[in-house]
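In: Provided below are the primary sequence and the corresponding predicted coordinates.
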Amino acid sequence: MVAISPLLNILSKSIRSIRKFVLRDFYEIEKLQSSIKKNNHFADNSMSKLKTEMNKILNKINPELEIISGRNFPTKDCWIIDYSDYYSNLKRANENLGIGIAFMKESHIKSYIFYNPVKDDSFFFEKGSGAFKNDFRIRVSNEKDKKEIIISLFKKVNEEDDKETLKFLKNIFFDNAITQRELGSLNYDLCDLASGKIDCAIFVNPTKKIEIVLNLVLAECGGKLNINEFQGSKIFICSNKVIEKMVKEMVETNIIKV
């Protein structure tokens, strides 16, 4: 492993133990996609087992740290687990799924790992050390050609507070002939941005926990953040530094017109 702390190294090796049963469940669910039978029960059981195993792993590494996985914002040293989008992607056997684990100390995120057990990919972000995918360093792209840039927009599952704003944003980028993608996972969007696979990731009204993890991810991979307001919603625009000004102006110009 390259330039990551002993904590992240132990965590990375430990969470790979979940891969065997996750793969088994994933492939079973994949077979059920063409079946008339609902797979919710199967996905529910797999999700329950995943949470149990993750709690065991984290308690073994440091039993004194609380494990936060709900919406409550932590106020002390703890582990923060993010299962966002995991369940919805698992149900449809979408391989863009993963678990985000952050280590918070003194109200700051010190380390963050996003692990995809289907692809066996790990993304590491650590304060002052940089960003890595598996065993190599990653960095945001330097793409600046408007015809070549790729923007990902994320729509939250089962929530409506970002719906109208995303419609507004999609029309802007469509009118400017910019390639758009939706991966179905905000964590994956950020990891793809960090590794240069996309050039900009946009989402609306994130939770406070996502905001603090986002700050670490962007700081370590060289990304930039701009926040705009539109009809009471907050638009988070994460991008490489080359297109930062262009995308920001594109959005702000259209906000003024409304």
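Out: Everything's here; your move.
In: quick one: contacts for the residue most central in space within the chain?
Out: Closest residue to the average C-alpha location of the chain: residue 187 at 0.7 Å, with CA atoms, centre = their mean. Contacts for residue 187 (CB atoms under 8 Å, 6 or more residues apart in numbering) come out as 82, 84, 85, 98, 100, 114. (C-beta placed from N, C-alpha, C; glycine too.)
In: Repeat the analysis, applying 10 Å as the threshold.
Out: Applying CB atoms under 10 Å, 6 or more residues apart in numbering, we find residue 187 in contact with 82-86, 96-100, 112, 114-116, 123, 154, 210, 213, 217.
In: helix/strand/coil for it?
Out: helix (DSSP: H, G, I helix; E, B strand; the rest coil).
In: Let the chain start at 791 from now.
Out: Shifting the count to begin at 791 puts that one at residue 977.
In: what's the distance between it and residue 875?
Out: 7 Å (CB to CB, to the nearest Å).
In: In this protein, where is pLDDT below threshold?
Out: For the chain, residues meeting the criterion pLDDT under 70 lie at 791-793, 826.
In: which non-adjacent residue is nearest residue 847?
Out: residue 804 (4.8 Å; CB to CB, 6 or more residues apart in numbering).
In: contacting residues around that neighbour?
Out: Residue 804 sits in contact with 843, 844, 846, 847, 848, 850, 851, where contact means CB under 10 Å, 6+ apart.
In: Once you drop chain neighbours, what's closest to the second one?
Out: In space, residue 844 comes closest to residue 871 once its chain neighbours are excluded; the distance is 6.1 Å by CB to CB, 6+ apart.
In: Just the C-alpha atoms of the strand or helix carrying the one you found, please, in PDB.
Out: Using DSSP states H and E, residue 871 sits in strand 868-872. What follows is strand 868-872 as a C-alpha-only set of coordinates in PDB (Å, rounded to 0.1, in the frame of the first residue of the first chain):
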ATOM      1  CA  CYS A 868     -16.100   8.300  15.900                       C
ATOM      2  CA  TRP A 869     -16.400   6.200  12.800                       C
ATOM      3  CA  ILE A 870     -18.900   7.500  10.200                       C
ATOM      4  CA  ILE A 871     -20.300   4.900   7.900                       C
ATOM      5  CA  ASP A 872     -22.100   5.900   4.700                       C
END
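In: burial measure for the residue nearest to residue 844, as a count.
Out: 19 (other CB atoms under 10 Å).
In: Quick check: buried residues in stretch 943-954?
Out: By neighbour count with 16 or more other CB atoms under 10 Å, stretch 943-954 contains the buried residues 943, 944, 945, 946, 952.
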